[in-house]
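[1] got a predicted structure here, sequence first:
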Amino acid sequence: MTELISAYKFQEDKEAIKRLQEVSSDPKSDYGLKTENGLLIGTKEWFRATEDGRLSKETIRGTISKVYMSGHNDWPEFEMENESGKSTWTREGNDKLYQVDKLVEIDYVIQKYKRPWDMLGPTTKKVIEIRIEK
C-alpha cells in the first residue's frame, strides 16, 4: 500500500484562516465566502462540520501530471489526472512534495462566494488537506 503524507492542512494555516474569516465576516465586503449553516469558515465548529457530515467533504485522488507556475509566473499550481480527467489545484504547504507521477489525495468542501464571480462562478473548492505519496 502506498504511504501518503500530509503536504498541507488548512486547519494549521492560521494566517490563511484569519484573512479568510476577516473578509468573509465583513458585511461591507463583497469578497470572501458565505457563512453556511451558521458556520464561519475555519472555526472549530466549521472543521467539526466537515468531519460529521453537516458540510459535505469530498475527496479526489489521482496522480500529479504537471507542476508549474501560472498567472504572471507567480502562482504555484499542479495538475492532477485521474479517471475523470484533469484538474488544476494550488500548491499549498510543503512545495517539495509536489512531484510529477506522485499519487495525491485532496479533501475539500464546496463553499459559496459571498458574490458570484464571472470568471470563477458561484462556488470554490476549499481545500482542507492535501496528501502526497511519500
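    Looks like it came in fine.

[2] can you pull out the helices in this structure?
    For the chain, the helices defined by DSSP state H occupy 14-25, 44-52.

[3] run through who's touching the shortest one.
    Right, helix 44-52. Q11, N37, L39, L40, R54, L55, K57, D107, V109, I128 (CB atoms under 8 Å, 6 or more residues apart in numbering). For the C-beta atoms, the positions are set from N, CA and C on the backbone; glycine is no exception.

[4] now, the most widely separated pair of these?
    Spanning the widest gap among the contacts of helix 44-52 are L40 and D107, at 19.2 Å by CB to CB.

[5] among the contacts of helix 44-52, which are in strands?
    K57, D107, V109, I128 (DSSP state E).

[6] from the contacts of helix 44-52, pick the one nearest E79.
    Checking the contacts of helix 44-52 against E79 with CB to CB, the nearest one is D107 at 18.3 Å.

[7] what's the separation between that closest one and V67?
    Note on D107: its distance to V67, by CB to CB, to the nearest Å, is 20 Å.
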